[in-house]
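> need a structure here:
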Amino acid sequence: MTNKRFEKPTEAELEILRVLWSRGASTVRDVHEILSKLRPVGYTGILKLMQNMYEKELVTRDEKQRSHIYSTTLREEQAQRRLVKELLVSAFSGSAEKLVMQALSVKKVTAQELSEIRRLLDELEKQQQE
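This next block holds a predicted model:
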């Protein structure tokens, strides 16, 4: 498969991707078992979503065994980066400042999170000066 174009996953697809990122390669049954602990979900619904995700190239499918095994095509960080880039362009006209300000205003930030943000900003500033 070639990731020619990143197709934005739906909320339901992101939920499945989170399972695959945390658990690794899994069958539809594995994913269904995990998600059904969180809320009522049908097996056939999960199956259809994962088949759609395969078509969108969000996952790969190993068909060697009777139960197909699905894996993500992108690491979690890669998908997050692509989603943020899309959001940055579409909702914030490319302004990283506006995106960050909105992100920080939506939820109370812990002292530890602020410290990590400062460290990352210092690191970025240092890289730009080199």
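
> Let me see the contact set for the closest residue to residue 76 other than its chain neighbours.
Spatial nearest neighbour of residue 76, chain neighbours left out: residue 21 (4.5 Å); criterion: Cβ to Cβ, 6 or more residues apart in numbering. To be clear about C-beta, it is placed using only N, CA and C from the backbone, and glycine gets the same treatment. Applying Cβ atoms under 8 Å, 6 or more residues apart in numbering to residue 21 gives the contacts 72, 75, 76.

> Just the C-alphas of the helix or strand harbouring residue 90, formatted as PDB.
Element membership for residue 90, per DSSP states H and E: helix 76-92. Below are the C-alpha coordinates for helix 76-92, written out as PDB (Å, rounded to 0.1, in the frame of the first residue of the first chain):
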ATOM      1  CA  GLU A  76       0.400   7.400  16.600                       C
ATOM      2  CA  GLU A  77       2.700  10.500  16.400                       C
ATOM      3  CA  GLN A  78       2.600  10.500  12.600                       C
ATOM      4  CA  ALA A  79      -1.200  10.500  12.600                       C
ATOM      5  CA  GLN A  80      -1.400  13.200  15.200                       C
ATOM      6  CA  ARG A  81       1.000  15.400  13.300                       C
ATOM      7  CA  ARG A  82      -1.000  15.000  10.100                       C
ATOM      8  CA  LEU A  83      -4.300  15.800  11.900                       C
ATOM      9  CA  VAL A  84      -2.800  18.800  13.600                       C
ATOM     10  CA  LYS A  85      -1.300  20.100  10.400                       C
ATOM     11  CA  GLU A  86      -4.800  19.800   8.700                       C
ATOM     12  CA  LEU A  87      -6.400  21.600  11.600                       C
ATOM     13  CA  LEU A  88      -3.700  24.300  11.600                       C
ATOM     14  CA  VAL A  89      -4.400  25.100   8.000                       C
ATOM     15  CA  SER A  90      -8.200  24.700   7.900                       C
ATOM     16  CA  ALA A  91      -9.200  26.200  11.200                       C
ATOM     17  CA  PHE A  92      -6.300  28.600  12.100                       C
END
